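Peer 1: Just need the structure, nothing else, for what follows:
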Amino acid sequence: MLLKVVLLAVLLTAVEGYRYALPMHPHWPRRRAWNRMKRILSGGLVLRGEEGYSVEGMYYNTRTNNPQPAAIATPVTVWDVSRLMRFARRHRLRVAVLSTGHHVDMRATADNTLLLHMVNMTDMSVDVSTRRLTVGPGNNFAAVHSFVKSETNGTLVQPSGADFTVGPFGWALGGGHGMLTRMYGLGADGVRGATLVLASGRVLKINKYHHSELFRAVKGGGGGAFGVVTDLTFELYPSPGAVHAWWGVYVISDAVTERYAAWLATAPNNAAAYWVPTSSSGTVSIVANCFGDSDSCKNVLAPLRDITGCIAVSPAFCNAELAFPDYPTYVSLFPQIGTRGQRQYWMAGATLAEDLGAQLKLANKWVVAPEEVAVIKACYGNGVTGGASRDMDPYGETTAVAQAMRDSVQAITCVIQWTEAYAPEVEEALIASGDEFSETVLKPFSPQGWVYWNEAQHNFPAGDWRERYWGGIDNYLRLRSVKLRYDPWNFLTCHHCVGWAFSEKVDPAICPETSCSCSNTPRGQCATYA
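Peer 2: Numbers count the residues shown, from 1 in each chain. From the prediction side, this is the model:
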């Protein structure tokens, strides 16, 4: 035990003290250095203050005050990325990597960074004979599903989340759950290879045979802490055929909750569901689906039809049983989760089958409890985990995903959203109430206190983010050892990424506790070139 404590102390302090260059710093690139990079890149590079520089539409969560990168690069090739990484290392620039921009805590960017916006890296290819899809980071699932369906004549599918605007990169690298998880496993389970650019600029092809420990770390390690991933290769799976869905909307009540929880706890692997209570209406939407033939799916969904009290409010369908020809068609009908561009605070956890009813009842009470200011509170009970994924990597040898994600029947994410910017003390109170809810309702029920990296909460009052993201300190230490091997400078970092050093909390170039903006840097210094 003493040896483990000493090892933890060494690993957690090994790279503290690294400081990124700020404008006016001796290492900061001069204009001619930036211009040289512009000439050699295949893609674009625009500096803050220049025409064409814009962060409009990049940010999912405006609570972070729209960080202002020093420069935005839009690489086209892996060699663009390699050159940009070498440039950043030479000048001690912090690098941020943005794919589709869906991370709810906006860890993909920060002030005074060199932002790699991967929007132009949209190549895709399918090998039907080996059932492999290779995809670039600029694609979202809308593009992926359309491409795979076309290339395979609908015979193969790529699992995904329920939101079409999400991209496969952040989804899979953080674990990745969705309607097909209980049949085919997590997103991380389906990754078969990757191309990765290290902090040094070196390009690696990684898989289970080459750089296997790095490959494991990427699959579930969360974020770009180990390198910049420029393509992923996924295994494609046989199309599960038609999707039979059921949808109902109810006034939030314990009776409805108990019936739903009893169904989900024993649902077969070819079924999944979402439980969404919202404060704006005081109702809960239940959306369930089953893959397979019509008769068997009717039997699977029958207990939900027996729940009474459905509200016939358009566009909801009371006790409606709808059939869709295939998975891509069905998932395309789901709305974007949350609202891009609002101020938001997210919390997350998971639920075992035996605790499902008790946790959902407490979550319902929190949702409908009034606040002093205008906000919308909601929870997303993603009843899609467990199933076949539970036994795919029981000892954590092929992925970095916490076993808690596999053992649960639900990954639950809750959010407080507000449109207007309130006074700082008001927003701090909202965030504090969210933290209290997370610590008292989500954490106690979540096995290992697990929190989903992709739907992360910003604050961990007990300071236990390492254990909770990755299912224990041992897994974190294993990931940290990979980090030290491939990025010993902690050059690639973000809030609560593997390797995140506490010393960065006091460096305003990184990110303060609750928000980021150029006003937080010394003397309000932004990277301005005009």
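Peer 1: Ser481 should be in a helix, yeah?
Peer 2: Yes - Ser481 forms part of a helix when assessed by DSSP: H, G, I helix; E, B strand; the rest coil.
Peer 1: State the number of residues packed around it.
Peer 2: Neighbour count of Ser481, defined by other CB atoms under 10 Å: 15. Yep, even glycine has a C-beta here, placed from its N, CA and C like the rest.
Peer 1: and if you look at Leu41?
Peer 2: 20.
Peer 1: Could you do the one 10 residues further on as well?
Peer 2: Using other CB under 10 Å, Glu51 has 7 other residues around it.
Peer 1: where does the closest residue to Arg390 other than its chain neighbours land in three-state SS?
Peer 2: Excluding the flanking residues, the one nearest Arg390 by CB to CB, 6 or more residues apart in numbering is Arg406, at 4.7 Å. Under three-state DSSP, Arg406 falls in the helix class.
Peer 1: my read: Arg406 touches Ser389, true?
Peer 2: Yes - judged on CB atoms under 8 Å, Arg406 makes contact with Ser389 at a distance of 4.9 Å.
Peer 1: Need the overlap of contacts for these two.
Peer 2: Shared contacts of Arg406 and Ser389, defined by CB atoms under 8 Å, 6 or more residues apart in numbering, comprise Leu186.
Peer 1: Return the distance of the residue nearest to Arg390 relative to Gln448.
Peer 2: 11 Å (CB to CB, to the nearest Å).
Peer 1: same question, His91
Peer 2: 40 Å.
Peer 1: packing partners for the strand or helix carrying Asp435?
Peer 2: Assessed by DSSP states H and E, Asp435 sits inside helix 424-437. Applying 3 or more CB pairs under 8 Å, 6 or more residues apart in numbering; DSSP states H and E, we find helix 424-437 packed against strand 343-351, strand 410-418.
Peer 1: Also compute the angle for it relative to strand 410-418, please.
Peer 2: 160 degrees (axes from the mean of the first three to the mean of the last three CA atoms, to 10 degrees).
Peer 1: let's have the chain start at 125 instead
Peer 2: Happy to do that; since the first residue is 125 now, the last one works out to helix 548-561.
Peer 1: Just the buried residues of the helix or strand that comes right after helix 548-561, please?
Peer 2: Downstream of helix 548-561, the next assigned helix or strand under DSSP H and E is helix 567-569. Of all the residues in helix 567-569, those buried under the rule 16 or more other CB atoms under 10 Å are 567, 569.
Peer 1: got it, and stretch 597-611?
Peer 2: 597, 599-604, 606-608, 610-611.
Peer 1: just stretch 231-247 next, same as before
Peer 2: Within stretch 231-247, judged by 16+ other CB under 10 Å, the buried ones are 231-245.
Peer 1: Then stretch 262-276?
Peer 2: Quick answer for stretch 262-276 (16+ other CB under 10 Å): 262-269, 271-273, 275-276.
Peer 1: Just the closest of those to Cys621, please.
Peer 2: Gly262 (21.6 Å; CB to CB).
Peer 1: For that closest one, give me the pLDDT.
Peer 2: With respect to pLDDT, Gly262 has a value of 95.
Peer 1: ditto for Thr289
Peer 2: 85.
Peer 1: just the one 5 residues further on next, same as before
Peer 2: Confidence at Gly294, expressed as pLDDT, is 91.
Peer 1: again with Met125
Peer 2: pLDDT at Met125 comes out at 51.
Peer 1: Would you mind measuring from the closest residue to His582 other than its chain neighbours to Arg160?
Peer 2: Computed as CB to CB, 6+ apart, the closest residue to His582 that is not its neighbour in sequence is Asp229, at 5.3 Å. Using CB to CB, one obtains 35 Å as the distance from Asp229 to Arg160.
Peer 1: for Tyr593, same thing?
Peer 2: Taking CB to CB, one finds Tyr593 at 39 Å from Arg160.
Peer 1: Can you redo the helices and strands packed on helix 548-561 as a markdown table, where the extra columns are distance to Ala524, mean pLDDT and mean neighbour count?
Peer 2: Below are the helices and strands packed on helix 548-561 laid out as a markdown table (distance: least, CB to CB, whole Å; pLDDT from 0 to 100; neighbours: other CB atoms under 10 Å):
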| stretch | distance to Ala524 | mean pLDDT | mean neighbour count |
| --- | --- | --- | --- |
| strand 467-475 | 16 | 92 | 26 |
| strand 534-542 | 16 | 94 | 24 |
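Peer 1: any chance of those strands in TSV, plus distance to Thr432?
Peer 2: TSV is the format used below for the helices and strands packed on helix 548-561 (distance: least, CB to CB, whole Å):
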stretch	distance to Thr432
strand 467-475	24
strand 534-542	23
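Peer 1: I'd like to know which of those strands lies nearest to Gly300.
Peer 2: strand 534-542 (10.6 Å).
Peer 1: I'd like to know which elements the closest one is packed against.
Peer 2: Looks like strand 534-542 contacts strand 467-475, helix 480-492, strand 500-507, helix 548-561 (3+ CB pairs under 8 Å, 6+ apart).
Peer 1: Tell me, how many residues neighbour the residue nearest to His582?
Peer 2: Neighbour tally, Asp229, other CB under 10 Å: 22.
Peer 1: List the residues that contact it.
Peer 2: 185, 188, 470, 580-582, 619.
Peer 1: Now which of those residues would you call buried?
Peer 2: The buried subset of these (16+ other CB under 10 Å) comprises 185, 188, 470, 580-582, 619.
Peer 1: So which of those residues belong to strands?
Peer 2: If you go by DSSP state E, the buried ones among the contacts of Asp229 have Trp470 in strands.
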